[in-house]
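Participant: structure of the sequence below:
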Amino acid sequence: MQLAASVNIHAAKTQLSRLVEQASSGQEIIIANAGKPVARLVPLAPQPAPRTLGQFAGTFTLPDNFDDPIDDLFEAPLEP
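Facilitator: Reported below is the predicted structural model:
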């Protein structure tokens, strides 16, 4: 992103199209009211691609005993 440019709010109203174009090309625009920064115009971050459900379908299988109880693991005696 390029360095921020500061613009008075009145100039921002009259030059909004140009400022939006600059922001969309990567420049940050600070909008000031009476010399005091009050807003920032920045480019939107690119939207992530939508997630595809089931994209890994068929790439792995669960064993038949996947949901068998595992209590016997906890009842085994501890070896010294």
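
Participant: burial check on L19, number of neighbours?
Facilitator: Residues lying near L19 (other CB atoms under 10 Å) number 19. All C-beta spots, glycine's among them, are computed from the backbone N, C-alpha and C.

Participant: so that it lines up with my notes, have the first residue be 831 from now on.
Facilitator: Renumbered: residue one is now 831, and that last one reads L849.

Participant: now the helix or strand harbouring it, how far from the centre of its chain.
Facilitator: Using DSSP states H and E, the element containing L849 is helix 846-854. Distance of helix 846-854 from its chain centroid, counting by CA atoms, centre = their mean, to the nearest Å, is 22 Å.

Participant: which residues are contacting that helix?
Facilitator: Contacts to helix 846-854, defined as CB atoms under 8 Å, 6 or more residues apart in numbering, come from residues 835, 837, 842, 859, 871-873.

Participant: got the buried residues for it?
Facilitator: Neighbour counts over helix 846-854 (16 or more other CB atoms under 10 Å) mark 849, 852-853 as buried.

Participant: and these as CSV, adding distance to G888?
Facilitator: Formatted as CSV, the buried residues of helix 846-854 follow (distance: CB to CB, whole Å):
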residue, distance to G888
L849, 50
Q852, 48
A853, 45
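
Participant: can you tell me the strand partners of the host helix or strand of A862 and which way each runs?
Facilitator: Using DSSP H and E, A862 falls within strand 857-863. In the sheet containing strand 857-863, its partner strands are strand 832-838 (parallel), strand 866-871 (antiparallel), by DSSP bridges.

Participant: buried residues in it?
Facilitator: Neighbour count says strand 857-863 has 857-859, 861 buried, by 16+ other CB under 10 Å.

Participant: let me know the closest of the residues you listed to F890.
Facilitator: E858 (45.5 Å; CB to CB).

Participant: how near is the closest one to A841?
Facilitator: Counting by CB to CB, to the nearest Å, the separation of E858 from A841 is 16 Å.

Participant: what of G856?
Facilitator: Separation of G856 from A841 (CB to CB): 20 Å.

Participant: I'm done for today, thanks for sticking with me.
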